[in-house]
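Peer 1: here you go, sequence then predicted model.
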Amino acid sequence: MMSRLTVIFALCIGFVLGWYGHGVLAPPLNSQQALNIPTFIDNKVDTVTPFHSLAEKKIVVLEADGHEKNNSLTGDAENPIPTQSTTDISQVFVKYLDNRNYFDAIQFFQEVNDSDRIAGNALKKILLTRLSLLLEQNLAEDFTELANAYLTTYYEDLDVLLMLAEFNRQTEYYIEAIGVFQLAKEYAYSIKDNEKVIKEFTEFLSKVDKFLSESLNWYTLSQVYLQADIVGLLSPQQKFRQAQVVLENGDLYHAKQILSDLSNDSRVAADVKQLLAKINDTPSDGLADTSDRSSRFSSAVALNPRGNQYLIDISLGDNTSSTLLIDTGASMTTLSRSAFENISHAIDYSHAGSRMFSTANGLTKGSVYRVDTFTIGDFEIADTLVAVLDFEMGGGVHGLLGMNILGNFKFQIEQDSHQLLLEPRQN
């Protein structure tokens, strides 16, 4: 009996000592080790050597109200986060950004965010701060690369989408900005998010209206309102302003159409009635009536109908030919990458940076090139931009003819004769 108790006692002592020894000699992984966080030596990733290079750098994290937050993130009672581990995570992320390893940075962000939402939120604030700085400093290439890397995975993120729309406004890619707002509105799943998108769009439209109207660029402004109307972003008050802009651009017929659609809306009915009265009192030669436009054009280009759309042949340089689909909703003329590579040896061009474009499949990054000559019909346009994207339209179509080319003309599509009528705009 005594010997049996002795054996049991010895086994218990052995178990306790073994458990204690494991805890001392092999402590559990902390959050940094569990995430397999890399370290850096001389700007290179190292998974073994201890992290030192950014130990002295302060990571500024902002609260929603813009005030600096204490960096000692500790999580909650159930999921505490060691301060040093959180700081190291932030430093690694900042180092990726500093080195412009944007896709690696977002991959690291995704791993952290999937493992620890609180640490992920801290990195998200750093990301937004970095994008804001790139926007403020007008570093277009870096902004595009980082935004593209993030939105490739987190394509529904309203914060970054709205920042991209502001980037497009500042760089005067207004139609692209509207495409981004359209996406943001689709991803605004809550009332609060929808209100946020509407607020940001209203501010965008107000700034663009002020800038273009002060420079008397009524045509571009009318196109901005038209595209916003097409995608359903305009309020009745904004549609009334659209009618005013269209009038300033000299298009009486279109203005009357807009006002007629608004005449029964109680929010703007009084203003509509007043403006219509003013139009009716204006001498007929004071506003352009578009009822007989064909005589106002000096050139006609043959079109090839494709369903309810039209194809047109253009040239880049002297000995090239490309077939483009006319798309008045495209801000920039676009070629597929394969089509551009086929003619690039025969044209003079230079790289003008990268952009993000709204396509039928969502946002995508493209390269922008400045080409020396672009020929459409009888007209040659010098020094214009063409976007090159990774897509294929098939059927012998090489890309889209957008508004950066068509905007140089007063134009009209004659559906009966399948012609594009053109008249150069006066500067």
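Peer 2: It's in. Residues are numbered from 1 along each chain as shown.
Peer 1: run a quick neighbour tally on the closest residue to residue 330 other than its chain neighbours.
Peer 2: Once flanking residues are discounted, residue 330 sits nearest to residue 402: 3.5 Å by C-beta to C-beta, 6 or more residues apart in numbering. (Each C-beta comes from the backbone N, C-alpha and C, glycine too.) When counting by other C-beta atoms under 10 Å, one arrives at 23 neighbours for residue 402.
Peer 1: which phi and psi does residue 402 have?
Peer 2: Residue 402 adopts backbone torsions of phi -100, psi -170, taken as degrees, to the nearest 10.
Peer 1: same thing with residue 395?
Peer 2: According to degrees, to the nearest 10, residue 395 has phi 60, psi 30.
Peer 1: check the gap between it and residue 307 for me.
Peer 2: 11 Å (C-beta to C-beta, to the nearest Å).
Peer 1: neighbour count winner among those two?
Peer 2: Per other C-beta under 10 Å, whichever of residue 395 and residue 307 has more neighbours is residue 395, with 9 against 5.
Peer 1: residues in contact with the more buried one?
Peer 2: Residues in contact with residue 395 (C-beta atoms under 8 Å, 6 or more residues apart in numbering) are residue 306.
Peer 1: please name every helix or strand in contact with the host helix or strand of residue 148.
Peer 2: For residue 148, the element it lies in under DSSP states H and E is helix 140-153. Packing contacts for helix 140-153, counted by 3 or more C-beta pairs under 8 Å, 6 or more residues apart in numbering; DSSP states H and E, involve helix 102-115, helix 117-136, helix 158-170, strand 349-359, strand 362-376.
Peer 1: for those, give me TSV that also has distance to residue 189.
Peer 2: Formatted as TSV, those follow (distance: least, C-beta to C-beta, whole Å):
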stretch	distance to residue 189
helix 102-115	19
helix 117-136	18
helix 158-170	9
strand 349-359	20
strand 362-376	17
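Peer 1: just name the most buried of the ones you listed.
Peer 2: Ranked by mean neighbour count, the helices and strands packed on helix 140-153 are led by helix 158-170 with a mean of 21 (mean count of other C-beta atoms under 10 Å).
Peer 1: that helix vs strand 349-359, what angle?
Peer 2: Using axes from the mean of the first three to the mean of the last three C-alpha atoms, to 10 degrees, one finds that helix 158-170 and strand 349-359 are set 130 degrees apart in direction.
Peer 1: residues in contact with helix 158-170?
Peer 2: With C-beta under 8 Å, 6+ apart as the criterion, helix 158-170 contacts 127-128, 131-132, 135, 138, 140, 143, 147, 150-151, 154, 174, 176-177, 180-181, 183-184, 187-188, 193, 196-197, 200-201, 204, 207-208, 356, 363.
Peer 1: if I pick residue 279, what's in contact with it?
Peer 2: Contacts of residue 279 by C-beta under 8 Å, 6+ apart are 247, 252, 255-256, 287.
Peer 1: so for stretch 377-387, what gets flagged as buried?
Peer 2: 377, 379, 381, 384-387 (16 or more other C-beta atoms under 10 Å).
Peer 1: of all the residues you listed, which comes closest to residue 234?
Peer 2: residue 387 (26.2 Å; C-beta to C-beta).
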